[in-house]
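In: sequence unknown, structure follows:
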DNA sequence: TGTTGACCTTAACCTAACCTGAGGTTTTAG
DNA sequence: CTAAAACCTCAGGTTAGGTTAAGGTCAACA
């Protein structure tokens, strides 16, 4: 049994990480991963790329866009192993975002549940009709979506 | 006070729903909404379009793609009011999808929490390293992402 | 009646996250 | 040594969900 390979070709990395070669090129272009070149101009990766790609994939599962992942990764020492501290920092931050996304969806689900009962989408009562909650009050003004049959204080005609 | 307007111009619908005119054209092109034309070829909407757009926006907040929304909407009577039954059907289905998306993210969060503690992303123990859980066993084979320093049962060299 | 604002269509452009193909070089296995 | 497999770059394509622009028509108000 020999020593572990210390450098990997793009194909090996692809196989190991489960992403395509094209994707690795793409990630490199976006600055998410890095490589050295050999005499024949072929990419040679140090093993830390495996961890980086693993991190990328985890982060993507949380719904974080690549650009943001890139920023987080940029604090990792290049070509070195991410140390535990860095990883903890990142994952803690991502967990916070996950928390918030989950909270949003959970809110929505609750509203949806309520509205399944009433089936109304009624202007006056349905929170779903005014998703403007916190986002509102900055837009084009109050949006009013009257349902047919509702009598409204509408501009005449 | 007069009768409610029964037809709406594209601009009115845009104002009321908060989406742009271009977006309404786009939705129409995608078959999500429908319109009549007046003598001068301008779009005239019946009021149910307001409800349709409201539904579209709610569904989008749950992360459902337009195409799928379109399918759901297609069961609504055209130019008529969505009845309570239809709406309940849709919202129930969407709630189910929301449930599943929330569950996925919650799983991920749990794993992330665990891994914040250990900070390892270790092959042997970290669930995050093998997101292949249920999705796996159909791909390119078991993906193994060894960390540097880990001794692996690797093909030699 | 005129002019401005609202509409029309078609087509091109945008971001994200890749994928595909062409044309050419390098590496590797026999 | 040679052929196939792997790699390279660069350009263009893809999907989703729109946005922007160009060039022309329609309608509402004074």
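Out: Alright, I've got the coordinates. Predicted model only: the values in this text are computed from it and were never measured.
In: Can you get me a residue count around the residue of chain A found nearest DNA strand D?
Out: Proximity of chain A to DNA strand D (CB to the nearest atom of the strand) peaks at residue A:11, 2.5 Å away. Every residue, glycine included, has its C-beta placed from N, CA and C. Using other CB atoms under 10 Å in any protein chain shown, the number of residues around residue A:11 comes to 12.
In: can you pull the contacts of the nearest residue to it once chain neighbours are set aside?
Out: Excluding the flanking residues, the one nearest residue A:11 by CB to CB, 6 or more residues apart in numbering or on different chains is residue A:21, at 6.3 Å. Contact partners of residue A:21, counting by CB atoms under 8 Å, 6 or more residues apart in numbering or on different chains, are A:10, A:11, A:14.
In: what's the angle from the top helix by length along chain A to helix B:84-118?
Out: Using DSSP state H, we find that the single longest helix of chain A is helix A:84-118. Between helix A:84-118 and helix B:84-118, the angle comes out at 160 degrees (axes from the mean of the first three to the mean of the last three CA atoms, to 10 degrees).
In: Helix A:84-118 near DNA strand C at all?
Out: No - on the criterion CB under 7 Å from any atom of the strand, helix A:84-118 is out of touch with DNA strand C, staying 13.2 Å away.
In: Okay, buried residues for that helix please.
Out: Buried residues in helix A:84-118, defined by neighbour count with 16 or more other CB atoms under 10 Å in any protein chain shown: A:86-91, A:94-95, A:98, A:101-102, A:105, A:108-109, A:111-112, A:115-116.
In: any idea of the mean pLDDT in that helix?
Out: Helix A:84-118 shows a mean pLDDT of 82.
In: Which other helices and strands does that helix contact?
Out: Contact here means 3 or more CB pairs under 8 Å, 6 or more residues apart in numbering or on different chains; DSSP states H and E; on that basis helix A:84-118 packs against helix A:48-61, helix A:66-73, helix B:48-61, helix B:84-118.
In: Point out the one among the ones you listed that comes closest to residue A:5.
Out: Nearest to residue A:5, of all these, is helix A:48-61, at 11.3 Å by CB to CB.
In: any idea how far residue A:52 is from residue A:38?
Out: 20 Å (CB to CB, to the nearest Å).
In: Residues of chain A that sit close to DNA strand D?
Out: Taking CB under 7 Å from any atom of the strand as the criterion, chain A approaches DNA strand D at residues A:9, A:10, A:11, A:12, A:14, A:21, A:25, A:41, A:42, A:43.
In: Now the element after the helix or strand containing the third one, going C-ward?
Out: If I follow you right, that is residue A:11. Using DSSP states H and E, residue A:11 sits in helix A:10-17. Downstream of helix A:10-17, the next assigned helix or strand under DSSP H and E is helix A:21-29.
In: elements contacting the following helix or strand past that following helix?
Out: Reading on from helix A:21-29 to the C-terminus, the next helix or strand found by DSSP H and E is strand A:36-37. Judged by 3+ CB pairs under 8 Å, 6+ apart, strand A:36-37 is in contact with strand A:43-46.
In: as a whole number, average confidence for the strand it packs on?
Out: For strand A:43-46, mean pLDDT is 97.
In: ok, it near DNA strand C or not?
Out: No - Strand A:43-46 is not in contact with DNA strand C by CB under 7 Å from any atom of the strand; minimum separation 9.5 Å.
In: nearest spatial neighbour of residue A:17, skipping sequence neighbours?
Out: Per CB to CB, 6+ apart, closest to residue A:17 is residue A:53, 4.1 Å.
In: repeat for residue A:69
Out: Nearest residue to residue A:69, sequence neighbours excluded (CB to CB, 6+ apart): residue A:59, at 4.6 Å.
In: Assess the claim that that neighbour and residue A:94 are in contact.
Out: Yes - shown here, residue A:59 and residue A:94 form a contact pair, counting by CB atoms under 8 Å, at 5.9 Å.
In: Okay, domains of chain A per the record?
Out: According to automatic domain parsing, chain A comprises the domains A:1-64, A:82-134.
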